[in-house]
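In: based on what follows, work out the 3D shape:
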Amino acid sequence: MIAARRITLKREGKIVPTRNVILTFNTPVLPRKITAVYISCDIRPCIPNTIRCFTCQQFGHTKPACRGSSAFCARCSEPGDERTVCTKPEKCVNCRDNHPSYSKSCPKRKLEKEIQTVKSTKKISIQEALKIVLDGTLKPNYSYTAALKITKTPDTHIEPSQTEHSVPRETKIPKLSTSTIENVESITVKLSDWLALLKAHKGSLENEQTNDKKQDSSTSYRQQTKK
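Out: Numbering: from 1, shown residues only. Next comes the predicted model:
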């Protein structure tokens, strides 16, 4: 053990110490227990709390690191000073549901907490934890809307295999060059539309071949008539 820090809470403007202590070890594997003053204490991984910006109300960064130019109300998610008493209907900035952005029942907040849990328990990067959580969230018979309307990052492409509402399967089309279309990650087309397009193309080729044969037959007939 190389460091120790007691966890504190802020209640009614006062800092209150708790019974929990964050211990830092210089080993890759945490011990199950330690002995402190002849008392055996259990050890468990420390899961960081979800970080929410007090300016834009989004998760993943703090107020000093926010790139937003204006503040949003944590209650109604509209632009305005968060210190102003708001009486407007509640609306979350992150999931757009009817609750404040700081609500612990927010699905997006629960997702962020799960990502932090996977990151801490598996000792992996945040990007790897995000991929694991999303792969487990977007599973068959799972509503895509209930998947928190996740914002896709440039390195993450999410395609639910099936949602609550049955939709046709989709076939991926190769990515277009960025010089032709900007900010396009991928293009999908319905399989039925793709087959219809192929059928139409095939029919067009058959019609052209039939017309060529008719034209050749007509030319041959004219030559025989002249003879």
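
In: going by C-alpha atoms from here, please, whenever you check contacts or count neighbours.
Out: Noted.

In: surely T8 is in a strand?
Out: Yes - assessed by DSSP: H, G, I helix; E, B strand; the rest coil, T8 belongs to a strand.

In: list the contacts for the closest residue to T35 other than its chain neighbours?
Out: Excluding the flanking residues, the one nearest T35 by CA to CA, 6 or more residues apart in numbering is C41, at 6.1 Å. Counting by CA atoms under 8 Å, 6 or more residues apart in numbering, C41 touches 33-35.

In: same for the strand with the most length in the chain, what does it pack against?
Out: In the chain, with assignment by DSSP state E, the single longest strand is strand 14-24. Here strand 14-24 touches strand 3-11, going by 3 or more CA pairs under 8 Å, 6 or more residues apart in numbering; DSSP states H and E.

In: ok so, going back, for the longest strand of the chain, C-alpha coordinates in CSV please.
Out: C-alpha atoms of strand 14-24 as CSV (Å, rounded to 0.1, in the frame of the first residue of the first chain):
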residue,chain,number,x,y,z
LYS,A,14,-20.2,20.8,5.5
ILE,A,15,-17.6,18.2,4.7
VAL,A,16,-18.5,15.0,6.5
PRO,A,17,-15.9,12.1,6.6
THR,A,18,-17.2,8.6,5.9
ARG,A,19,-16.0,5.1,7.1
ASN,A,20,-14.7,4.2,3.7
VAL,A,21,-11.0,4.8,2.8
ILE,A,22,-9.5,4.6,-0.7
LEU,A,23,-6.2,2.6,-0.6
THR,A,24,-3.7,2.6,-3.4
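
In: now do it against strand 3-11, angle only.
Out: Angle of strand 14-24 versus strand 3-11, following axes from the mean of the first three to the mean of the last three CA atoms, to 10 degrees, is 150 degrees.
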